[in-house]
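S.K.: Turn this into a model:
(chains A and B)
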2 protein chains.
Amino acid sequence: MKKILNALISVSDKTKLKPLLKILKNNNIKLISSGGTYKEIKKLKFECSQISDFTNFDEILGGRVKTLHPKIYSGILNIRKNKTHQKELKKNKFENIDLVIVNFYPFEQTLKKTKNNNTIIENIDIGGPTLVRAAAKNFSDVTIITSTNQYSELIDELKKNKGATTLEFRKKMSQIAFAETAYYDSVISSYFNKILKTEFPPKKITHLNLLEKLRYGENPHQEGALYSFAENNNLNKIHGKQLSYNNYNDIFSALNISKTYPKNTGTVIVKHANPCGASITNDNLESFKTALACDPVSAFGGIVSCNFKINETLALELNKIFIEVIIANGFDKKALKILKAKKNLRLIDASYFSFKNNFKFNSFGDAVLIQSGDHKKLSKKDFKVVSKRKPNKVELENLIFAFDTCRFVKSNAIVLVNDKSTIGIGSGQPSRLDSCQIAIDKMKKFFKRDGEIVAASDAFFPFVDGIEKLVQSGVTAVIQPEGSIRDKEIINFANSTNTVLVFSKTRHFRH
Amino acid sequence: MKKILNALISVSDKTKLKPLLKILKNNNIKLISSGGTYKEIKKLKFECSQISDFTNFDEILGGRVKTLHPKIYSGILNIRKNKTHQKELKKNKFENIDLVIVNFYPFEQTLKKTKNNNTIIENIDIGGPTLVRAAAKNFSDVTIITSTNQYSELIDELKKNKGATTLEFRKKMSQIAFAETAYYDSVISSYFNKILKTEFPPKKITHLNLLEKLRYGENPHQEGALYSFAENNNLNKIHGKQLSYNNYNDIFSALNISKTYPKNTGTVIVKHANPCGASITNDNLESFKTALACDPVSAFGGIVSCNFKINETLALELNKIFIEVIIANGFDKKALKILKAKKNLRLIDASYFSFKNNFKFNSFGDAVLIQSGDHKKLSKKDFKVVSKRKPNKVELENLIFAFDTCRFVKSNAIVLVNDKSTIGIGSGQPSRLDSCQIAIDKMKKFFKRDGEIVAASDAFFPFVDGIEKLVQSGVTAVIQPEGSIRDKEIINFANSTNTVLVFSKTRHFRH
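M.R.: All right, here's what the predicted structure looks like:
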């Protein structure tokens, strides 16, 4: 238990001070402060000394140097039970500082407000983090408070212990303090990496904010949590029970797809982070119905993501099947009423969600693979028609939709498409031929409409057998990346069967 | 361009100083230092002032306070082109400090050497990071050097510019400096989280070391790199061309499996981060042959991981097929000679690799899902036999092997096993019935031996149809997690067909 005699306060966020100052006064704790904080304390009518009076040194360089003084740091850093320390303190006429309340220049907020490098650099706090680090290091004697969120806890602690704090409390506050200083410098480090365009620095430090502790991880015996590189993830859950780890995994996979479709046109259904149906059309109801028709069995218990606002008619349709989550760019009032009838169904408004952070982290024990996202949509520059028969406009549109959907299917991926809707998805197989078979089986089972069928493959066919199987099952146009030593054989096969064959320049493995 | 007049040096790592001091002397740069660094500089016969003489303040508290002085920080932080700053500097008789060379108390190394909390806390550097942060902030006027690795670059810069540095150089050094301070505090923050047993802190800061910039990511249009939470990943590549992103992804997936098998017994073959064959037996050659037999087509271009040392006989066998990577606990001399004949084949010694870091990161844009690893092996406490027929010893061993392998197969996963070797793996399907079919198809295609067949499912069967399909194909014992509302129906089905049915308590989704 450590009684507090002197407190140093220097805060950028000057709210919530009053009740804190009151308890400090009640416990006869002397205050030292400067600048804006000093003025605020005086305004609130509490007694306080100036740091410059305490140190006998006037702050200079427009405030760049004010607390960086041996009297301050000796007051914080001396070990109270160390006799030499105490002798030196006495000799220099230094006093203990037992409580430090500091928060930093708002560097992260400044980044949001301005692009002016000088303003940004000026907002790198030097004195603040030093005070915090020194106090946090000496937690056996000193209490460190770094955020207004901790004030009420400090007040309770001081009340309970008559102006003292326990070691347990001080240690916990130091833990928070070092998270703050590490976070602060991580943001600065990221800023330097950004302006100097360094994507893979030798030392990469990342800062994450906890958004939600989850009930468990992928399985009940694993622990899990949702963090964000930002302050929130712009997903607005407006109904339903708590989301699980697997829900989030599916939600992000679904949004990754539906956010790439043309505005207000697309529905995708995801199960186990893999699409099991996708469709784009201007008729929203139709887009859901067709996406569902691709594999209504797998869609059971899946999640539906629409990149448009859901209306009453669609809500009635959605309510007919069991789904865990519906994501949309908002919900009509009437739609909401209908869907909310199901207590457990989660409804998510993802209007403001976007995939900002371009890098993807994937960790295995100590190792972490980092890569930029696969955001390359197919453009006309990126493919060439290699067959004699050229695709007509409809075929070309379907081929592009098939290939752009294929990017999101776990490899090896085969996607069959009719009328900009998937009608067979083969995924997750080590053999491309097996993925073809799975896609064809799905199509045979569920596809009851008429029309031409096109196919996309996420990587090249190593042999003719894959494309052969597709063509035998009714596929009339195929898109695949180029690159096999058997490309020529495959082109010959396409020509011999009057199949359209398009080679893309990009491959889209997703494992 | 900024000419350097005064340099402050305070280094924990005192190597490589001589050539640096020489160039500083040649450019008439005055040195300020203290303690051990001062002694070392004098020992090397260079001139140097004591920091205490510079500040007129003796260091106290056993070195806890020595550089935290306004004269030092005014010298670093003043803006050279700011007239008020210069007036204040003159008035206080302060001098500029233009170059700061500092490295920190070795906190991370201390963690490896001791478990003594006091020693660890004492190694939190306060003065060092403050000097570095101040100099790095003021990069428009000051040069900051934080590691001996940068000395030669500094020497070149000073030679080229006659004792001055360019803005570009100073900015780059500041970038490195803030990476160092962020890294340093991230290590401290992790330490506090560890001792206070906080797994999911509100602010999570992670520090990674770049091990290798990769040619590209999962696809050629993506960028990729391999980082580690540690200083290296203990994978020793002893032959072959550079590893790719996908190689690493497969390698970690393979090691995740083979490191769980009993010592010196197991081979697993991985393709697209998914096992396509696994076998454990004391006969190493046999273990590879049987793992391969599970799906020799998919194994083409895959990677093989053995948790034993590879000998000549096995090397000859391995050389018969095309594989990209072989991982083992070492290689015989003769084996090495045989395998090295293939120029591109990568050979990895993973004897020292282990999955230390328990948490797994998975990011989607700004969102990051973090979960503890799925390391739960099946133990006798975690399952119960629910069928009338009880498994014999061999069946039980096979069921356990099947279930423990099933954990690593992408969901929905069905694994068929005979004689502790997989003979059919169905993975990556949204429908469990489809995964059953894929596993059965593989078995029918490649399994030519005799013997009983057991099956494992990573999650419960929602309907009887899955287990029915397995039993119809010759499976005589099944293990699956409990939890379906139809568990009773499934038990009844097992009993009516004299099938062994075992319920596990744990589920093993892997998406």
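S.K.: which residues of the stretch 351-500 of chain A fall in strands?
M.R.: Taking DSSP state E, counting those that start in this stretch to define them, one finds strands in the stretch 351-500 of chain A at A:359-364, A:367-372, A:383-385, A:414-418, A:421-426, A:453-457, A:475-481, A:500-504.
S.K.: Redo the ones you listed as TSV? Include mean pLDDT and mean neighbour count.
M.R.: From N, CA and C alone the C-beta is placed, and that goes for glycine too. Below are those laid out as TSV (pLDDT from 0 to 100; neighbours: other Cβ atoms under 10 Å in any protein chain shown):
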stretch	mean pLDDT	mean neighbour count
strand A:359-364	93	21
strand A:367-372	95	23
strand A:383-385	95	16
strand A:414-418	98	29
strand A:421-426	97	28
strand A:453-457	98	29
strand A:475-481	97	25
strand A:500-504	97	24
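S.K.: Nearest to B:Gln371, out of those?
M.R.: strand A:359-364 (10.3 Å; Cβ to Cβ).
S.K.: and the gap between the closest residue in space to A:Phe447 that isn't next to it in sequence and B:Ile205?
M.R.: Spatial nearest neighbour of A:Phe447, excluding adjacent residues (Cβ to Cβ, 6 or more residues apart in numbering or on different chains): A:Ile423 at 4.4 Å. From A:Ile423 over to B:Ile205 the distance is 47 Å, taken as Cβ to Cβ, to the nearest Å.
S.K.: Who are the packing partners of the longest strand along chain A?
M.R.: For chain A, the strand with the greatest residue count under DSSP state E is strand A:203-214. Under the contact criterion of 3 or more Cβ pairs under 8 Å, 6 or more residues apart in numbering or on different chains; DSSP states H and E, strand A:203-214 touches helix A:167-195, strand A:224-228, helix B:167-195, strand B:203-214.
S.K.: so does the first one get close to chain B?
M.R.: In this case it means helix A:167-195. Yes. Contact of helix A:167-195 with chain B (Cβ under 8 Å from any Cβ of the partner chain) involves A:171-172, A:174-176, A:178-183, A:185-186, A:188-189, A:192-193.
S.K.: Now for the closest residue to A:Ala177 other than its chain neighbours, how many residues are close by?
M.R.: Nearest non-adjacent residue to A:Ala177, counting by Cβ to Cβ, 6+ apart: A:Ala136, 3.8 Å away. Neighbourhood size, A:Ala136 [other Cβ atoms under 10 Å in any protein chain shown]: 33.
S.K.: Distance check, the residue of the stretch 351-500 of chain A found nearest chain B against B:Gly426.
M.R.: Nearest to chain B in the stretch 351-500 of chain A, going by Cβ to the nearest Cβ, is A:Gly428, at a distance of 1.9 Å. For A:Gly428, the distance to B:Gly426 equals 10 Å [Cβ to Cβ].
S.K.: A:Lys160 now?
M.R.: From A:Lys160 to B:Gly426 the distance is 60 Å (Cβ to Cβ).
S.K.: In contact with the nearest residue in space to A:Pro462 that is not next to it in sequence, which residues?
M.R.: Take A:Pro462 and drop its neighbours on the chain: the residue closest to it by Cβ to Cβ, 6+ apart is A:Ser484, 5.6 Å away. With contact taken as Cβ atoms under 8 Å, 6 or more residues apart in numbering or on different chains, A:Ser484 is in contact with A:460-462, A:490.
S.K.: cool, and A:Arg510?
M.R.: A:374, A:407-411, A:413, A:458, B:218.
S.K.: likewise A:Phe192?
M.R.: A:198, B:171, B:174-175, B:178-179.
S.K.: from the stretch 101-250 of chain A, which residue is nearest to chain B?
M.R.: Counting by Cβ to the nearest Cβ, the stretch 101-250 of chain A gets nearest to chain B through A:Gly217 (3.2 Å).
S.K.: Pull the contacting residues for that residue.
M.R.: A:223-224, A:245, B:371-372, B:374.
S.K.: Kindly confirm my reading that it is in a strand.
M.R.: No. Assessed with DSSP: H, G, I helix; E, B strand; the rest coil, A:Gly217 is coil; it does not lie in a strand.
S.K.: any idea where the strands of the stretch 1-150 of chain A begin and end?
M.R.: Using DSSP E, counting those that start in this stretch, strands in the stretch 1-150 of chain A cover A:2-3, A:6-10, A:30-33, A:49-50, A:99-102, A:143-145.
S.K.: what's the closest of these to A:Phe355?
M.R.: strand A:99-102 (35.7 Å).
S.K.: could you say what helices and strands the closest one packs with?
M.R.: strand A:6-10, helix A:127-137, strand A:143-145.
S.K.: For the residue nearest the centre of chain A, list the residues it contacts.
M.R.: Central residue of chain A (Cα atoms, centre = their mean): A:Ser228, 3.9 Å from the mean position. Contacts for A:Ser228 were tallied using Cβ under 8 Å, 6+ apart; they are A:208-209, A:211, B:366-368.
S.K.: Per-residue pLDDT of it, please?
M.R.: On pLDDT, A:Ser228 comes in at 95.
S.K.: what is the orientation angle of the longest strand of chain A with strand A:224-228?
M.R.: Orientation note: strand A:203-214 sits at an angle of 120 degrees relative to strand A:224-228 (axes from the mean of the first three to the mean of the last three Cα atoms, to 10 degrees).
S.K.: Sheet partners, orientation included, of strand A:203-214?
M.R.: strand A:224-228 (antiparallel), strand B:203-214 (antiparallel) (DSSP bridges).
S.K.: can you give me the helices in the stretch 251-400 of chain A?
M.R.: With helices called from DSSP state H, counting those that start in this stretch, the stretch 251-400 of chain A shows them at A:284-293, A:296-299, A:312-318, A:333-340, A:393-406.
S.K.: got a list of what the nearest residue to A:Ala413 once chain neighbours are set aside touches?
M.R.: In space, and not counting its chain neighbours, A:Ala413 is closest to A:Asp458: 4.1 Å by Cβ to Cβ, 6+ apart. By Cβ under 8 Å, 6+ apart, the contact set of A:Asp458 is A:406-407, A:409, A:411-414, A:481, A:507-510.
S.K.: tell me the domain boundaries of chain A?
M.R.: A:2-195, A:210-349, A:380-504 (automatic domain parsing).
S.K.: what about the spatially closest residue to A:Leu208 that is not a sequence neighbour, how many neighbours?
M.R.: For A:Leu208, ignoring the flanking residues on the chain, the nearest one in space by Cβ to Cβ, 6+ apart is A:Tyr227 at 3.9 Å. Using other Cβ under 10 Å, A:Tyr227 has 25 other residues around it.
S.K.: List the residues that contact A:Tyr227.
M.R.: A:208-211, B:204, B:367-370.
S.K.: okay if I get those residues as CSV plus distance to A:Leu292?
M.R.: As requested, the contacts of A:Tyr227 are exported to CSV (distance: Cβ to Cβ, whole Å):
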residue, distance to A:Leu292
A:Leu208, 36
A:Asn209, 36
A:Leu210, 36
A:Leu211, 31
B:Lys204, 39
B:Ala367, 27
B:Val368, 31
B:Leu369, 27
B:Ile370, 33
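S.K.: quick check, nearest of those to A:Phe104?
M.R.: A:Asn209 (15.9 Å).
S.K.: Could you list everything the closest one pairs with in the sheet?
M.R.: Beta-bridge partners, per DSSP bridges, of A:Asn209: A:Ser228, B:Lys203.
S.K.: quick one on the thing from earlier: now, which of the contacts of A:Arg510 lie within helices?
M.R.: The helices, defined by DSSP state H, take in nothing from these.
S.K.: Confidence-wise, which of those comes last?
M.R.: Within the contacts of A:Arg510, lowest confidence goes to A:Asp374 (90).
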